[in-house]
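Novice: 3D, please:
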Amino acid sequence: MISPGNHHASLSKTEEAIDFLLNASGSLDKISYKILLGIPAYARHVKDPSKVRTFAEIYTDAVEEGKHTNIDWFNLNSWKGYEWDSPARIQEKIALARAKGLGGIFFWEIGQDKCTDNHPGGILLETAG
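Specialist: Down below sits the predicted model:
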């Protein structure tokens with residue numbers, strides 16, 4: 001179970017999982033390039049992890065609410081109790097994957113990203129590109 005206020009896919013949890021995987025067999029570190037890091041494109045509610053919203057849903061709701069027209073989406077990683085990987089967090093995870101010698105990253109799932117006029121390829125995907 002996820003602790004309240006604790007992101008389900010934090011950088012520290014991600015690094016811990018990668019280290020466990022690389023050290024578990026004693027030989028995976030030699031083929032770390034075959035491992036891909038999955039990054040969620042959705043958010044879980046920190047107090048009730050059964051509540052899940054896509055990044056696109058949260059973005060749309062926040063913008064439509066009107067008071068959030070100047071949102072710093074690059075750094076924003078929580079809203080109304082939901083927490084997700086912001087573009088800044090995604091860049092940190094990409095750097096981690098490179099530092100650990102992993103083969104790359106993927107989004108779970110990319111259809112949950114938000115395409116806008118400024119980001120026709122999707123906010124999260126363009127961050128990774």
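Novice: show me what contacts Phe74?
Specialist: By C-beta atoms under 8 Å, 6 or more residues apart in numbering, the residues touching Phe74 are 86-88, 127. From N, CA and C alone the C-beta is placed, and that goes for glycine too.
Novice: which PyMOL command selects the buried ones in those?
Specialist: Those of these that count as buried under 16 or more other C-beta atoms under 10 Å are selected in PyMOL with:
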select buried, resi 86+87+127
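Novice: ok, the contacts of Phe74 vs Lys30, which is closest?
Specialist: Among these, Thr127 lies closest to Lys30 (C-beta to C-beta), at 30.2 Å.
Novice: so the closest one is in which element?
Specialist: Taking DSSP states H and E as the definition, Thr127 sits inside helix 123-128.
Novice: for the nearest residue to Ile90 once chain neighbours are set aside, give me its contacts.
Specialist: Spatial nearest neighbour of Ile90, excluding adjacent residues (C-beta to C-beta, 6 or more residues apart in numbering): Thr127 at 4.9 Å. Taking C-beta under 8 Å, 6+ apart, we find Thr127 in contact with 74, 87, 90-91.
Novice: run the last query once more with 7 Å
Specialist: Neighbour list for Thr127: 87, 90-91 [criterion: C-beta atoms under 7 Å, 6 or more residues apart in numbering].
Novice: helices - which of the residues you listed land there?
Specialist: Here DSSP state H is the test, and these give 87, 90-91 as lying in helices.
Novice: what is the lowest-pLDDT residue among these?
Specialist: Confidence by pLDDT is poorest for Pro87 among the ones in helices among the contacts of Thr127, given 92.
Novice: quick one, phi psi at the residue positioned nearest the centre of the chain?
Specialist: Closest residue to the average C-alpha location of the chain: Asp85 at 3.2 Å, with C-alpha atoms, centre = their mean. Torsion angles at Asp85 (phi, psi; degrees, to the nearest 10) stand at phi -90, psi 110.
Novice: how close does the spatially closest residue to Asp48 that is not a sequence neighbour get to Leu124?
Specialist: Spatial nearest neighbour of Asp48, chain neighbours left out: Gly81 (8.0 Å); criterion: C-beta to C-beta, 6+ apart. Gly81 sits 20 Å away from Leu124, going by C-beta to C-beta, to the nearest Å.
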